[in-house]
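Undergrad: next come a sequence and a model predicted from it.
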There are 2 protein chains.
Amino acid sequence: MLTPVAARVARTQVRALARTPIRSFHMRPTRPNNTSSVVLKAVAIGALGVAASLSLAMQGSCGEGIVECDTQKNPTSGLTKLSNKPDVSNLDPSILDNAQVPMRKRMETYVKLLQSRIVGAIAQEENASDSEGQPAEFLVETWERKEGGEGTSCVLQDGRVFEKAGINVSVVYGQLPPAAIRQMSADHSGLVERIGYKTEGPDAEVDGMPFFATGISIVIHPRNPFAPTSHMNYRYFELAHPKTLKDGSPNPRYSEQPAAWWFGGGADLTPMYLFEEDARHFHKTLKNAVDKEDPAFYPAWKKWCDKYFWLTHRKESRGVGGVFFDDLTMPSITKYSSTFIPVCDGEIHPNKVIISEKPHDRESLFRTVRALGDAFVESYIPLVHLRKNTPYTDINQEWQRLRRGRYVEFNLVYDRGTKFGLMTPGARMESILMSLPLHARWEYMDGITGTGRENSSAALRAKARDEAKHTAEELQAREALQTVLEQPVDWL
Amino acid sequence: MLTPVAARVARTQVRALARTPIRSFHMRPTRPNNTSSVVLKAVAIGALGVAASLSLAMQGSCGEGIVECDTQKNPTSGLTKLSNKPDVSNLDPSILDNAQVPMRKRMETYVKLLQSRIVGAIAQEENASDSEGQPAEFLVETWERKEGGEGTSCVLQDGRVFEKAGINVSVVYGQLPPAAIRQMSADHSGLVERIGYKTEGPDAEVDGMPFFATGISIVIHPRNPFAPTSHMNYRYFELAHPKTLKDGSPNPRYSEQPAAWWFGGGADLTPMYLFEEDARHFHKTLKNAVDKEDPAFYPAWKKWCDKYFWLTHRKESRGVGGVFFDDLTMPSITKYSSTFIPVCDGEIHPNKVIISEKPHDRESLFRTVRALGDAFVESYIPLVHLRKNTPYTDINQEWQRLRRGRYVEFNLVYDRGTKFGLMTPGARMESILMSLPLHARWEYMDGITGTGRENSSAALRAKARDEAKHTAEELQAREALQTVLEQPVDWL
């Protein structure tokens, strides 16, 4: 089922690429027998906290004494090995559908294969352009985290199609200290209480819990002002039972099964000029992908996305939305006995909960995440392909850079992953900050976007200046975008 | 006493302006009799919190239903009145030195006169330029805050000398709720405990305390990459005794004298290219200004400044420093009996305290703040004057914009005033965000500034690219700046 945008994309090689699944990435209709109701766990707004933050932030987190990775080390320099595509030759795609393999390994394999696929799709778009100049190449750098884990950052910068495109994966593990567990207990409603260890005080049973996180994180800023920016992130998080208690004795509850696990993630679109068909294509592609698993997912996660990517101080959204979710897990490891999907940001309220009638288990949730991850190329790359050669002016670029400034504001002020990452000693800052655009602009009291402009003579003057400087078409286009940013709409 | 930079500034009219004090702004050597030891109060790092934040953030804070200011209202449109310079015709400079007038009125008058003077100095530099094109004019807009107070924002944007220059003043008052008082109690060590009201729980005596804050806040980004950016902010904060207690009965402790008051502020310099003589001139001018009041001030506040403007995630400073202080008040309204100046960020530690031997009172502290405020034009404008016509290339501008990106990072991620302001409903966002530059740039793993670049092949490649693209002189200049940002130095 192609949306109008997809249908307009003529170049077959791009379409072929966009639709090629990674081997074994197909949906499997069969489910294991141990299905049970899914709980999409609830959390208080603004307080997803450490767990989500950790799992977001761990994208790119590494030790300060980085780069001791034998397979990637450059023997002549001692530096990381640099290439232009990630190495996936040692990955086994067959484990993706093998429920006997630990989920951490399957998710790690999945995000690495997905990274490779997306890097390929981006590189292909960069290479095929009407623009002059040489295409830019990805810088692909693999790093190690001394406390445990590794990652690969793939960044293409200052290209002819892409201003900046970053595709990071990471696999991070270690010990979560009591303070972080406490914050998780407070924020991830019930998820840690259910585990039930006393972690603090004189009678603390454990002095921390082992954790594991893996994920993929993407931000793509095309050069053409008519091509939208997009962000995508999917992650998996586990808390494990410690082998020994704080006093050194064996932990009677120890098991190789995780004490808790959950998925989180989402994807959203940020156009500078509004093409409704682009927004619909993006949303429709994501909806189609998750509807196969549960038609209750998209409506809930679309609302959650609108709420998450809201710039409170600007009273506008970062873009035209997409999907967003966190704490996607099973009731057996939470305090909730009922099945529900929080409408947005996990608020627990009878009127704000959607009951899902589908049985779920970890396999179905993993399939859901993979369906979304697999859909990213198809949801987004055709939009870049369609817009990348549209002629544009300095005026268009100026507007693009102003909108980029808002993107910077969101990421530095609100985004939990970025904020937590910046505060994490030893995190790989360049990977975290690859989300920032190459160029951004801030105008004081802009006539179209200025906060409080309704009552401002300065904004009125800016508006008059713009009316003299720009065409009516340009101003209408800017207003059209601003309108949907200030009042998010349902695209489907 | 002129520094080498000042001596090099030949144009007499600029020098004359820079050194002209506002009438009655002279230092007064006489002190009232009721002197006592000064306490520069201590606060925990990262937790100056609401009080400092409020007083910072209130620069520009206003109600949503703004602009009901009779004197400034434009009768034809209902919008704010717009002009190109602030109106100071109704201010009485003689009260600055009159200890019988409430400090809130004196400080308000001071910051408004200072705003007018600085706007004049900036406008004069903008007008006198070798550059082509018309000079830009200030947009001067006065707003009201529906909860109490008003302010004037003066912004010059996209000029030929200044990329953006914002000079805001505000006068804000109202009721500080118990939660905010609690945060002040926790953060402003002892300042609120000393006041001694029970503000929460079933036996709370008061349901909040009246507050008053006034201040001036400035950020100036010149266009020329060789001219430094500067920021300055001075503020005065009061907490008052409520007239009635929570149960409606008269407050026996009520007095027209404030329950607590303090000054805060500072000024710092952010060059894109290092001219050591500029940094020395800036520091020397500020040091000369405060040495008259107490030679213990500058060394303590210089260190505090280096600590405050530190980008932890980048492991570099925002610039070459200046002075920074907060909670500048008297021992009688704190829990401390001894006289001390915290070395930096108010840490209370025997080895981190400087004993001041000078007697102080509110008059001497106000003189200190005025001395610093008065010194701003002389500390900074000659540097713009000296560098504004230096020829520069696109390469220089690219570096400037990359450095501007770090400025954005500091302001959005760390700056307490900005962060608190963004979270304050009804705050005038455009005034708060006038600190952001017109243009900024982010490069992934830049070879000179990239975080973790020592171990990165991507940074090595960027460095090689830069070596092919730039002159050795350019690269040395960038490295010279980066070195002092990563290891702040004493300029005097």
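TA: Looks like it came in fine.
Undergrad: isn't there a helix covering A:Ala136?
TA: No. A:Ala136 is assigned coil when assessed by DSSP: H, G, I helix; E, B strand; the rest coil, not a helix.
Undergrad: A:Gly322: what secondary structure?
TA: strand.
Undergrad: can you get me a residue count around it?
TA: By other Cβ atoms under 10 Å in any protein chain shown, the residues close to A:Gly322 number 29. C-betas here are computed from N, CA, C, even on glycine.
Undergrad: over to A:Val489?
TA: 11.
Undergrad: same check on A:Met423?
TA: A:Met423, neighbours per other Cβ under 10 Å, totals 13.
Undergrad: for B:Gln257, see how far away it is.
TA: 41 Å (Cβ to Cβ, to the nearest Å).
Undergrad: now the residue nearest to the spatial centre of chain A, what's its secondary structure?
TA: Nearest residue to the geometric centre of chain A (Cα atoms, centre = their mean): A:Asn233, 1.9 Å. Under three-state DSSP, A:Asn233 falls in the strand class.
Undergrad: for it, give me its contacts.
TA: A:56, A:59, A:215-218, A:264-267, A:417 (Cβ atoms under 8 Å, 6 or more residues apart in numbering or on different chains).
Undergrad: now, which of these lie within strands?
TA: Among the contacts of A:Asn233, DSSP state E puts A:215-218, A:264-267 in strands.
Undergrad: among these, show me the least confident.
TA: Of all these, A:Gly264 carries the smallest pLDDT score, 90.
Undergrad: against chain B, how distant is the residue nearest to that residue when sequence neighbours are not counted?
TA: Distances taken as Cβ to Cβ, 6 or more residues apart in numbering or on different chains place A:Asp326 nearest to A:Gly264, at 3.9 Å, with adjacent residues excluded. Between A:Asp326 and chain B the distance is 22 Å, computed by Cβ to the nearest Cβ, to the nearest Å.
Undergrad: check A:Val206 too.
TA: 28 Å.
Undergrad: neighbours of that residue, how many?
TA: A:Val206 - counted by other Cβ under 10 Å - has 22 other residues nearby.
Undergrad: low pLDDT regions in chain A?
TA: Scanning chain A with the threshold set as pLDDT under 70 gives A:1-81, A:182-194, A:330-356.
Undergrad: helices along that one, start to end?
TA: A:4-8, A:12-19, A:49-57, A:103-127, A:178-187, A:276-291, A:297-308, A:362-387, A:394-409, A:416-423, A:429-432, A:457-469, A:472-486 (DSSP state H).
Undergrad: which of those sits closest to A:Glu137?
TA: Among these, helix A:103-127 comes nearest to A:Glu137, with 7.7 Å by Cβ to Cβ.
Undergrad: for chain B, give me its nearest residue in the stretch 1-150 of chain A.
TA: As assessed by Cβ to the nearest Cβ, chain B sits closest to A:Leu82 within the stretch 1-150 of chain A, at 3.9 Å.
Undergrad: my guess is that residue contacts A:Phe138, does it?
TA: No. With contact defined as Cβ atoms under 8 Å, A:Leu82 does not count as touching A:Phe138 (9.8 Å).
Undergrad: what's the neighbour count on the closest residue to A:Asp92 other than its chain neighbours?
TA: Nearest non-adjacent residue to A:Asp92, counting by Cβ to Cβ, 6+ apart: A:Thr109, 6.7 Å away. Burial of A:Thr109 is recorded as 22 neighbouring residues (other Cβ under 10 Å).
Undergrad: so how far is B:Leu460 from A:Pro102?
TA: 37 Å.
Undergrad: the more surrounded of these two?
TA: Remark: of A:Pro102 and B:Leu460, B:Leu460 carries more neighbours, 20 against 14, as counted by other Cβ under 10 Å.
Undergrad: from A:Trp262, how far off is A:Cys305?
TA: 18 Å.
Undergrad: correction: the previous question concerned A:His241.
TA: 16 Å.
Undergrad: okay, the two: which has more neighbours?
TA: A:Trp262 (28 against 19).
Undergrad: identify the residues contacting stretch A:100-113?
TA: A:22, A:25, A:86, A:88, A:91-93, A:95-96, A:98, A:152, A:169, A:171, A:212, A:214-216, A:234, A:236, A:238, A:261, A:362, A:366, A:369-370, A:373.
Undergrad: buried stuff in that stretch?
TA: A:103-104, A:106-113 (16 or more other Cβ atoms under 10 Å in any protein chain shown).
Undergrad: looking at those residues, which is nearest A:Gln487?
TA: Nearest member of the buried residues of stretch A:100-113 to A:Gln487, counting by Cβ to Cβ, is A:Val111, at 34.6 Å.
Undergrad: list the contacts of A:Glu479.
TA: A:Ile448.
Undergrad: A:His313 contacts A:Val413, doesn't it?
TA: Yes. Applying Cβ under 8 Å, one finds A:His313 in contact with A:Val413, separated by 7.4 Å.
Undergrad: overlap in contacts, those two.
TA: B:Leu422.
Undergrad: tell me the bridge partners for A:Val155.
TA: A:Leu139, A:Gly166 (DSSP bridges).
Undergrad: I'd like to know how many residues surround it.
TA: Neighbour tally, A:Val155, other Cβ under 10 Å: 24.
Undergrad: so how far is A:Asn84 from it?
TA: In terms of Cβ to Cβ, A:Val155 sits 11 Å off from A:Asn84.
Undergrad: A:Val320: which of the buried residues of stretch A:100-113 is nearest?
TA: A:Val111 (25.3 Å).
Undergrad: and for A:Glu316, the neighbour number?
TA: Count around A:Glu316 with other Cβ under 10 Å applied: 22.
Undergrad: so what's the nearest residue in space to it that is not next to it in sequence up against?
TA: Nearest residue to A:Glu316, sequence neighbours excluded (Cβ to Cβ, 6+ apart): A:Leu485, at 4.2 Å. By Cβ under 8 Å, 6+ apart, the contact list for A:Leu485 reads A:316-320.
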